[in-house]
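[1] this one's sequence-less:
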């Protein structure tokens with residue numbers, strides 16, 4: 001994991017969980033990959049091991065990781081698919097309405113939006 005700036009806006013366990021989810025979505029953590037141990041993450045980021053365990057437990061509760069007895073936590077095979085479905089749904093229900101409202105308020109046209117989009121976005 002890379003350096004993390006913790007914010008006061010959300011519990012640290014939730015921020016850690018979101019960081020792990022971002023790593024899964026970005027392909028940094030792939031199905032079958034082991035998560036760093038609770039002790040390793042706690043020591044590296046100077047966190048209470050209970051905080052790390054809580055983040056990992058929520059990931060396990062959502063079937064994004066699985067505990068392998070004596071081996072640790074591993075990314076499940078279906079994690080990437082589940083996350084993509086969940087994140088797309090969340091974007092469309094929570095973020096997109098706000099973006100659309102702003103676009104309409106600013107009077108932007110589809111052509112203006114497409115011309116302003118980064119070039120690589122259109123290539124995907």
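    That came through, no problem. Keep in mind that this is a model prediction, so the values were computed, not measured. Numbering: from 1, shown residues only.
[2] find the nearest non-adjacent residue to residue 21, please.
    Spatially, and ignoring its direct neighbours in sequence, residue 21 is nearest to residue 83 (6.2 Å; C-beta to C-beta, 6 or more residues apart in numbering). Just so you know, the C-beta spots here come from the backbone N, C-alpha and C atoms, and that holds for glycine as well.
[3] swap that for residue 113, please
    In space, residue 113 is closest to residue 103, 6.9 Å off (C-beta to C-beta, 6+ apart).
[4] can you pull the contacts of the residue nearest to residue 21?
    21, 24-25, 64 (C-beta atoms under 8 Å, 6 or more residues apart in numbering).
[5] measure the spatially most distant residue from the centre of the chain to residue 113 for me?
    Centroid-distance maximum for the chain: residue 107 at 31.8 Å, with C-alpha atoms, centre = their mean. Going from residue 107 to residue 113 by C-beta to C-beta, to the nearest Å gives 11 Å.
[6] check residue 62 too.
    33 Å.
[7] read off the pLDDT value for residue 81.
    We have a pLDDT of 87 for residue 81.
[8] what helix or strand is it on?
    Per DSSP states H and E: residue 81 is located in helix 79-90.
[9] so how far is that helix from its chain's centroid?
    Relative to its chain's centre, helix 79-90 lies at 10 Å (C-alpha atoms, centre = their mean, to the nearest Å).
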